[in-house]
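> can you look at this prediction? I've put the sequence above it.
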2 protein chains.
Amino acid sequence: MDTTVVSARRKIEIYRVNVGNGGLDNCPIRTVVQNISGKWSALLLMALAERPYRFGELRRLVPDISQRMLTQTLRDLQRDGYVSREVFPTKPPSVEYSLTDLGRSMYDAIEHLFHWAENNHQQVRAARVEFDAAED
Amino acid sequence: MDTTVVSARRKIEIYRVNVGNGGLDNCPIRTVVQNISGKWSALLLMALAERPYRFGELRRLVPDISQRMLTQTLRDLQRDGYVSREVFPTKPPSVEYSLTDLGRSMYDAIEHLFHWAENNHQQVRAARVEFDAAED
DNA sequence: GTTGTTGCTCTCTTTTTGAGACCAGCACTA
DNA sequence: TAGTGCTGGTCTCAAAAAGAGAGCAACAAC
């Protein structure tokens, strides 16, 4: 009983830190960010922000995505309500993907990051080179 | 020669689309985004934006990260120049991580997304529930 | 009738993550 | 002085995610 008091108190303290910081589990930011942060999500959102695209167009636009990941990423984006999927009954049925209002609103926010990236990627690349050079 | 003309023209067209769109390979946004978009990067950046943290503090702050991923994510962030790592010669040597100027500047951009997430995560959750319900 | 187009799915391999043991060095405590 | 804890890691192995590529059904054009 005596020896465990300390570690119990410590555990409570740790727990308090987590809850006090807003409860990182079930955290809004985590909810949203985890799904935008897929390897391909940002790229596809950018494309769709420009205009609606068909499946095949997206595949050609992002040449190094696999068909499997394109399907899946689009479905995830659709699930979160950013993208809407519309099937047209053309002869080989075609599918068009476009941003929803929610998606567009989110894109306005993420756009800041994209602008930053365009302006500062050189510094990031430089930092990377320097870091790699410092590996002994 | 005759039959290949069509597909060659098609290939050129596809190539033009890619290049015309800014060359998605070796693209600045891809360079930057791919490394911020790790599962834990955003969370750690948020924490470090608040104040510098020690390794163990971060581990307690984000309880469901493994030590291995914490080490690795911090190193990646450091490699890209967002985070600086400082070792203090205390008795059990302690290590402090903090945002660099570059990191802080990037954080200002990504912060918009975090704000959006806080304000709109309910809609995302709702979309998700609706999508899942529609699965036949 | 061969070839091409559409948007997928299925399988297989490789890469990334996660869980957890282990490590060295020092401090405190019994 | 032997045991225990704290520091920030690394190493190994299992599980999950991603990539490569084949297959597919239905129709169109040549």
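Good, I have the coordinates.
> what is the one helix or strand A:A126 maps to packed up against?
For A:A126, the host element (DSSP states H and E) is helix A:101-133. Applying 3 or more CB pairs under 8 Å, 6 or more residues apart in numbering or on different chains; DSSP states H and E, one finds that helix A:101-133 contacts helix A:28-36, helix A:41-50, helix B:28-36, helix B:67-79, helix B:101-133. Any C-beta I mention is one placed from the backbone N, CA and C, and that applies to glycine too.
> DNA strand C is nearest to which of those?
helix B:67-79 (3.8 Å; CB to the nearest atom of the strand).
> next secondary structure after that closest one?
With DSSP H and E, the next secondary element past helix B:67-79 is strand B:83-88.
> partners of that following strand in the sheet?
strand B:94-99 (antiparallel) (DSSP bridges).
> distance from the strand it pairs with to the middle of the chain?
Computed by CA atoms, centre = their mean, to the nearest Å, the chain-centroid distance of strand B:94-99 equals 19 Å.
> stretch A:50-57 now?
Per CA atoms, centre = their mean, the centroid offset for stretch A:50-57 relative to its chain is 19 Å.
> do the same with stretch A:120-133
23 Å.
> mind giving me the domain split of chain A?
Here the domain parsing of chain A from automatic domain parsing is A:1-26, A:38-133.
> among those, which is the most enclosed?
Greatest average neighbour count among the domains of chain A goes to domain A:38-133 (a mean of 16), per mean count of other CB atoms under 10 Å in any protein chain shown.
> what's the span of that domain, first residue to last?
End-to-end distance of domain A:38-133 (CA to CA, to the nearest Å): 29 Å.
> repeat for stretch A:79-95
Distance across stretch A:79-95, first residue to last, is 16 Å (CA to CA).
> is it in proximity to DNA strand C?
Yes - if you take CB under 7 Å from any atom of the strand as the test, stretch A:79-95 does meet DNA strand C, through A:85, A:92-95.
> widest-spaced pair of those?
A:R85 and A:P92 (16.4 Å; CB to CB).
> so A:V95 touches A:R85, yeah?
Yes - counting by CB atoms under 8 Å, A:V95 touches A:R85, with 6.3 Å between them.
> show me what from chain A comes close to DNA strand D.
Counting by CB under 7 Å from any atom of the strand, chain A sits next to DNA strand D at A:7, A:10, A:38-40, A:64-69, A:72, A:91-92.
> least confident pick among the residues you listed?
Here the lowest pLDDT out of the residues of chain A next to DNA strand D sits on A:S7, with 35.
> out of the residues of stretch A:79-95 next to DNA strand C, who's nearest A:R30?
For the residues of stretch A:79-95 next to DNA strand C, the nearest to A:R30 is A:R85 (25.5 Å; CB to CB).
> gap between the closest one and B:R59?
40 Å (CB to CB, to the nearest Å).
> A:Q78 contacts B:E130, doesn't it?
No - checked against CB under 8 Å, the pair A:Q78 and B:E130 is beyond contact range at 10.8 Å.
> one step back: angle of the helix holding A:A126 against helix A:28-36?
80 degrees (axes from the mean of the first three to the mean of the last three CA atoms, to 10 degrees).
> helix A:101-133 - what's its average pLDDT?
93.
> compute the inter-axis angle for that helix and helix B:67-79.
Going by the same axes, to 10 degrees, helix A:101-133 makes 80 degrees with helix B:67-79.
> quick one: residues contacting the closest residue to A:V124 other than its chain neighbours.
Of all residues not flanking A:V124 in the chain, B:D80 sits nearest, at 5.1 Å (CB to CB, 6 or more residues apart in numbering or on different chains). Neighbour list for B:D80: A:124, A:127-128, B:32, B:35 [criterion: CB atoms under 8 Å, 6 or more residues apart in numbering or on different chains].
> out of these, who's nearest DNA strand D?
Taking CB to the nearest atom of the strand as the measure, DNA strand D sits nearest to B:N35 out of the contacts of B:D80, at 13.9 Å.
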